[in-house]
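# Here is the input, now give the coordinates:
(chains A and B)
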Number of protein chains: 2
Amino acid sequence: MTFPTVGVIGAGQLARMMVAPATELGINLSLFAAHSEDSAAQVCDHTVGDYQDSQAVLAFAKNCDVVTFEHEQVPQSVIRTLEANGIRVYPRADSFIFSQDKLAMREKMDELELPNPRYQKYLGGKAMLEFPLIAKAPTGGYDGRGVWVVNSQEELEALPTPLLLEEKLDFTREVAIMVARSPHGQAATWSPTWTVQRDGICTTTVTPVPELSDELAIAASSIALTIAQGINLVGVMAVELFQVGDRFIINELALRPHNSGHWTIEGSKTSQFEQHLRAVLDLPLGDTSRTSDWAVMGNILGGEKSDMYRPYLHLMARTPALKFHHYRKKVKPGRKIGHVTLLGDGDNLVELIHEVDHALDYLSGAIDE
Amino acid sequence: MTFPTVGVIGAGQLARMMVAPATELGINLSLFAAHSEDSAAQVCDHTVGDYQDSQAVLAFAKNCDVVTFEHEQVPQSVIRTLEANGIRVYPRADSFIFSQDKLAMREKMDELELPNPRYQKYLGGKAMLEFPLIAKAPTGGYDGRGVWVVNSQEELEALPTPLLLEEKLDFTREVAIMVARSPHGQAATWSPTWTVQRDGICTTTVTPVPELSDELAIAASSIALTIAQGINLVGVMAVELFQVGDRFIINELALRPHNSGHWTIEGSKTSQFEQHLRAVLDLPLGDTSRTSDWAVMGNILGGEKSDMYRPYLHLMARTPALKFHHYRKKVKPGRKIGHVTLLGDGDNLVELIHEVDHALDYLSGAIDE
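As a prediction, the model looks like this:
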């Protein structure tokens, strides 16, 4: 048997969702987990270790045919140690920096002549952009953390530097598009997704983006493919966009399977998780077409309830087509502990969104039935 | 956390294909495997033991919330030991007998007034049915083993008794239908499937059955639901049927996920594997509607090739929508080592079948490209 072993640094829900396609494809999956109780480590072969320890990661990687990761925290130095030792590791360190350093990403988008907001690197002194503006820690932020709306020079000076300052856009909505690319340079995008945000966290996605013109859908795809090639991507990447009227401005990149692509598990012929495995193994990419007219995904955020199994009795009876994904993480208020997806054809998008919202409210304890 | 643990006796490919839905639903899956190298044991928590050892199985079962099994060989005595000890085990021993004993099944179908072929229990002496006839070992056969076409009294007398003798039907084609039922008595069927046979082994399935009248599709569903209720089924069951002109005659029952239901993984909103877990846990059943007009499934049988990974390069490039399921069993000639599924909409059934046949021929080594 020559089925390869893919090593994944990290054992959160993104690694957990790789288990199903790896099992189907017959590919061995091996995780480098922080703890045995981690979401994916509960259901997959794993080694426990510190992902900041280059030598420990290297020892793990030597037993894998290819290594990838599922979170942004893996240090550049660790990835470069693997590369220097001849390990096939994707995405490459030179690509992954654009997922880790927002300032480097902005400069790269300029180089690729792609639409940035106005921005500046800020080390102190008077801001060049007008207030209110957006200030971001260049590294380390996610889900709204490390991002501030700044209304005045005084507020700005209270923040730790360095910062990336960006104009505060008056955008229509937020859209994300997933793209995959292999070492051979084959690339494919999925349908763009409307990412509905609440308090800086994506609560729901609707795919395809309702009432998006063909021109804009193609523009989103074109931006994603240009970035994928421009940064020499291997694996999947989410490109988060602001729609401002009839154009898109790039918000952020995430070089890994992403929440905005969870709908692909049921909603596309090839899920982002299968595609990521195919890409890092340099296999031909799978068909990214949709399996239905609409896919609505909702994030289950921890709330009042701690028992996430009992709600099945009501929800499965009410909505037999609803698909559940529980990450088996400890329930903490506001934490993403799972997601649900509902597909539909034809004219029923409002109903699909209503059913997903109901499920999320019921799971969080906001309503009792 | 109150997510339950489902114990599965057996760790073949059917248990392997339960791993994905269990992971998604957050349900713990624990296997009682013959060997650590078994298909499902490679990717799932398991205990190694002998499934004929009641006490070993009982010790395993005591750590599970509910126990089920994936093959017919589990002895009645083992299931009854679990039941006597208050273990929730599904299907029940009283139901499972109809999957194990073909003669008991025939008598039960008579009792339910469902269409049997003419048959007799044979212990010796002159056959009451005309030759050629079909002789079956009442227990232990599968994939054509334990089934003989008998042309004469002499041939018959050379076979070991007891036997179930059945008239040799001049059937149009073979059809199977999957049904699920929960302890609450909720039941659901999927679309009937055309099971294309070669040398007594199902090579391909086409769903729905091409050019089947609505009346016959409803008749198949009605037979399956009548049996499910009549035998007090819990879990999923395959009902194998002979189509003889415009009516169905019951061939065999299998009270477990079944090869004729593999298409449901991609082809139905709820797969047979997820549904089996829902049913044995007494959760509401999922939506069994199809996700596309056609689903074609082909069994990968071991052939000349021993490397099952390398063919991905050609097949994934040629057919990006083809879905692979490798069981990671040792390649032996004629052994089912995986399957592929291809979905399609509209008028392209011939093309889908052609692509699946190509994939199977390429994987077996019958053709090189």
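# For A:Gly124, which non-adjacent residue is closest in space?
Of all residues not flanking A:Gly124 in the chain, A:Thr161 sits nearest, at 5.8 Å (C-beta to C-beta, 6 or more residues apart in numbering or on different chains). Bear in mind the C-beta positions are built from the backbone N, C-alpha and C, glycine included.
# The one you found against A:Leu123, yeah?
Yes - the pair A:Thr161 and A:Leu123 passes the contact test of C-beta atoms under 8 Å, sitting 5.3 Å apart.
# Looking at the two, which is more packed in?
Using other C-beta atoms under 10 Å in any protein chain shown as the criterion, A:Thr161 and A:Leu123 rank with A:Thr161 on top: 14 against 8.
# Which strand or helix spans that one?
Taking DSSP states H and E as the definition, A:Thr161 sits outside all helices and strands.
# need the contact list for it.
A:Tyr122, A:Leu123, A:Gly124 (C-beta atoms under 8 Å, 6 or more residues apart in numbering or on different chains).
# Run a quick neighbour tally on the first one.
In terms of burial, A:Tyr122 registers 23 neighbours under the definition other C-beta under 10 Å.
# Up against chain B, what does the stretch 251-369 of chain A have?
Residues of the stretch 251-369 of chain A lying close to chain B by C-beta under 8 Å from any C-beta of the partner chain are A:269-270, A:278, A:283-287, A:289, A:291-292, A:306-310, A:312-313, A:316-317, A:320-321, A:323-328, A:338, A:343.
# Need the buried ones from those selected in ChimeraX.
Of those, the buried ones go into a single ChimeraX selection, burial set by 16 or more other C-beta atoms under 10 Å in any protein chain shown:
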select /A:269,270,278,283,284,285,286,287,291,292,308,309,312,316,320,321,323,324,325,326,327,328,338,343
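# List the ones among the residues of the stretch 251-369 of chain A next to chain B that fall in helices.
Mapping these onto helices (DSSP state H) picks out A:Arg278, A:Tyr312, A:Leu313, A:Met316, A:Ala317.
# Just the closest of these to B:Ile265, please.
The closest of these to B:Ile265 turns out to be A:Arg278 (C-beta to C-beta; 17.9 Å).
# Now do the contacts for the closest residue to the closest one other than its chain neighbours.
The shortest distance from A:Arg278 to any non-neighbouring residue, by C-beta to C-beta, 6+ apart, is to A:Leu285 (5.6 Å). Contact analysis of A:Leu285 by C-beta under 8 Å, 6+ apart lists A:Ala180, A:Ser182, A:Gln186, A:Ala187, A:Ala188, A:Thr270, A:Gln275, A:Arg278, A:Ala279, B:Met316, B:Pro320.
# Which two of those residues have the greatest separation?
Farthest pair in the contacts of A:Leu285, by C-beta to C-beta: A:Ala187 and B:Met316, 14.8 Å.
# Check the spacing between A:Val57 and chain B real quick.
In this view, A:Val57 and chain B are 23 Å apart by C-beta to the nearest C-beta, to the nearest Å.
# Now do the contacts for the residue nearest to A:Lys62 when sequence neighbours are not counted.
Among residues not flanking A:Lys62 along the chain, A:Ile87 sits closest, at 7.3 Å (C-beta to C-beta, 6+ apart). With contact set as C-beta under 8 Å, 6+ apart, A:Ile87 has these partners: A:Leu58, A:Ala61, A:Lys62, A:Cys64, A:Val67.
# what's the answer for A:Ala11, then?
Counting by C-beta under 8 Å, 6+ apart, A:Ala11 makes contact with A:Leu31, A:Phe32, A:Ala33, A:Ala34, A:His35, A:Asp38, A:Ser39, A:Ala40, A:Ala41, A:Cys44, A:His46, A:Glu70.
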